[in-house]
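S.K.: Mind folding the following:
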Amino acid sequence: MIKFCVRLVQRWLPEPFIFAILLTFVAALVAMPLCHQTPLEVVEHWGDGVWNLLEFAMQMALVLVCGSTLAAAPVIKRAIDAMARLPKSAPAAIALVTVVSALACCINWGFGLIVGVVFAKAIARKRSDVDYRLLIASAYSGFVVWHAGISGSIPLTMATPGEALTMATDGALTEPVPLTQTIFDWHNLVTVLFVIIGITVANTLMHPKRGALTVDPALLKDDDNITTNVSSSDKTPAQRLENSKLLSWLVALMLVVYLVIHLGVNGASLDIGGVIMIFLALGLVLHSTPLAYVRAFGKATTGAAGIILQFPFYAGIMGIVTGVGVSGISLGGEMAEACIRISNPITYPLLTFLCAAVLNMFVPSGGGHWAVQAPVMFTAGASLAVDPGLTGMAIAWGDAWTNLIQPFWALPALAIARLDAKDIMGYCLIDLLVTGVIICAGLLIWAM
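M.R.: So this is what the prediction gives:
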């Protein structure tokens, strides 16, 4: 089964950019007959959507680059190397990477995406007997729990009072849904626990007993550190500024003060911008000087190419899925309505989850899911007397689940690991099947 899935993906999964192009054409070809839209309408929806993820694309690029730059700081590298010595066997290394990645993603998805793969790469440098592709797949598999964790965008949006919540749900939610009914509901917590156990066991069992797929040592090699301090006593004013620790500390202090005000005083939640600021502040301090940070940052930027190229295409796909033509019908809305028509109070959360999972292949964004499904799903859920917290978490789990086989979110991990999507997605396909059973069972029990 494992070999079949790996070979299947290796043979049929194209480069992620090609995958994005194919999804664009699929969405367009489905939208035209199903939503009674003309080719020109579909092209217009696509073009209008192309630039809608620019802010998010920049955030994701900065998460990758700032996270990688922080990991390159000498003290962080030493700490990661020390942790990488803990596993005493290849299967233990796979299990440890899976658990660390999943727990980090429960805390914050942006943090977890970077930490897991950086840790996996450090272990690969220490152990030549570990399957490198499976190790990186294990690091990425932890991302499946992100939307059920404390940085999940849908449950956090549902917990935020205001008119925006009522408008987004078409009047179905007039009061916020507390996190105790979503993320911290015991049904969700137990599901998260079993999902982490499931992927840990599955990933460990997938490791070959012999003939591990090792990696080209060049992919694991760190660039040599470049000394930036000028030792001569006759530094120019420009050189003194470039090597001033004081400047790095002052900028880091500004970032920390802002975060304290934003999170502590104003009571805001830690979002992706906050994670970037943390990475940036720590990186500036730990690299000591501005020039050292700039040089490390420059090395890390090459990994962001896939994000910069592909995010506009996925924004265009989102435009096709959410675009409403003269017919007044959108592809996302039709998918949601089809789910509702065959639902009852017990099966509704499960079908909502599956609908979100399919939609996630075309709109791999929590915000995009909220825009497409919230107006329809919460209204239908209310009519069936389904707990709104359950409806929201069904959407959230569906959004997270198919990320395991959607290369979009794997781009940062693949850039750091220097692998292609086809190298890890075969293993992730197994994780998809394992976690799918667990999540579906959890939602059915919650609905009963």
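
S.K.: use CA for all of it now, contacts and neighbours both
M.R.: Fine.

S.K.: ok now do Leu135, which residues does it touch?
M.R.: Leu135 is in contact with Ala93, Ile94, Val97, Ala120, Ala124, counting by C-alpha atoms under 8 Å, 6 or more residues apart in numbering.

S.K.: go with 7 Å
M.R.: Contacts of Leu135 were listed using C-alpha atoms under 7 Å, 6 or more residues apart in numbering, and they are Ile94, Ala120.

S.K.: The chain should start at 9 in everything you say after this.
M.R.: That works, and once the first residue is 9, the last one we named lands at Leu143.

S.K.: Tell me how far it lies from Trp405.
M.R.: 24 Å (C-alpha to C-alpha, to the nearest Å).

S.K.: Ok, Leu31 next?
M.R.: The value you get for Leu31 to Trp405, if C-alpha to C-alpha is used, is 21 Å.

S.K.: how about Cys114, what does it touch?
M.R.: Contacts of Cys114 (C-alpha under 7 Å, 6+ apart): Val153, Trp154, Gly157, Ile158.

S.K.: give me the element Ile158 is part of.
M.R.: Using DSSP states H and E, Ile158 maps to neither a helix nor a strand.

S.K.: What about it, how many residues nearby?
M.R.: Ile158: 19 surrounding residues under other C-alpha atoms under 10 Å.

S.K.: if I pick the nearest residue to Pro169 once chain neighbours are set aside, what's in contact with it?
M.R.: In this structure, Pro169 finds its nearest non-sequential neighbour in Pro184, 5.1 Å apart by C-alpha to C-alpha, 6 or more residues apart in numbering. Taking C-alpha under 7 Å, 6+ apart, we find Pro184 in contact with Met166, Ala167, Thr168, Pro169.

S.K.: Of these, which belong to helices?
M.R.: When these are checked against helices (DSSP state H), the matches are Met166.

S.K.: Switch the contacts of Pro184 over to TSV; also include neighbour count and pLDDT.
M.R.: Shown next, in TSV, are the contacts of Pro184 (neighbours: other C-alpha atoms under 10 Å; pLDDT from 0 to 100):
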residue	neighbour count	pLDDT
Met166	25	87
Ala167	19	85
Thr168	15	78
Pro169	15	79
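
S.K.: Which helix in the protein has the most residues?
M.R.: helix 429-455.

S.K.: What is it packed up against?
M.R.: On a contact count with 3 or more C-alpha pairs under 7 Å, 6 or more residues apart in numbering; DSSP states H and E, helix 429-455 meets helix 10-20, helix 140-149, helix 194-214, helix 356-370.

S.K.: Mean neighbour count, those: which tops it?
M.R.: When those are scored by mean count of other C-alpha atoms under 10 Å, the highest mean neighbour count falls to helix 140-149 (a mean of 30).

S.K.: Let's test this: mean pLDDT of that helix, rounded?
M.R.: For helix 140-149, mean pLDDT is 94.

S.K.: That helix to helix 429-455, inter-axis angle?
M.R.: If you take axes from the mean of the first three to the mean of the last three C-alpha atoms, to 10 degrees, helix 140-149 sits at 40 degrees to helix 429-455.

S.K.: Distance from helix 140-149 to the middle of the chain?
M.R.: Computed by C-alpha atoms, centre = their mean, to the nearest Å, the chain-centroid distance of helix 140-149 equals 14 Å.

S.K.: tilt between that helix and helix 194-214?
M.R.: Using the same axes, to 10 degrees: helix 140-149 against helix 194-214 is 180 degrees.

S.K.: Just the CA atoms of helix 140-149, as PDB, please.
M.R.: C-alpha atoms of helix 140-149 as PDB (Å, rounded to 0.1, in the frame of the first residue of the first chain):
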ATOM      1  CA  TYR A 140      14.600  11.800   4.500                       C
ATOM      2  CA  ARG A 141      11.500  12.100   2.300                       C
ATOM      3  CA  LEU A 142       9.400  10.400   5.000                       C
ATOM      4  CA  LEU A 143      11.000  12.500   7.600                       C
ATOM      5  CA  ILE A 144       9.900  15.700   5.800                       C
ATOM      6  CA  ALA A 145       6.500  14.200   5.100                       C
ATOM      7  CA  SER A 146       6.200  13.500   8.900                       C
ATOM      8  CA  ALA A 147       7.000  17.100   9.600                       C
ATOM      9  CA  TYR A 148       4.400  18.400   7.200                       C
ATOM     10  CA  SER A 149       1.800  15.900   8.400                       C
END
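
S.K.: before we move on, back to that, would TSV of the contacts of Pro184 with distance to Leu422 be doable?
M.R.: As requested, the contacts of Pro184 are exported to TSV (distance: C-alpha to C-alpha, whole Å):
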residue	distance to Leu422
Met166	32
Ala167	33
Thr168	34
Pro169	37
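
S.K.: Out of the contacts of Cys114, which is nearest to Ala210?
M.R.: Checking the contacts of Cys114 against Ala210 with C-alpha to C-alpha, the nearest one is Val153 at 15.4 Å.

S.K.: ranges for the helices of the stretch 59-208 of the chain?
M.R.: Using DSSP state H, counting those that start in this stretch, the helices of the stretch 59-208 of the chain run over 62-79, 82-92, 98-115, 117-134, 140-149, 161-166, 171-176, 194-214.

S.K.: Okay, buried residues for the second one please.
M.R.: Within helix 82-92, the residues that count as buried by 16 or more other C-alpha atoms under 10 Å are Ile84, Lys85, Ile88, Asp89, Ala92.

S.K.: Return the residues in contact with the third one.
M.R.: So that's Ile88. Counting by C-alpha under 7 Å, 6+ apart, Ile88 touches Phe127, Ala130.
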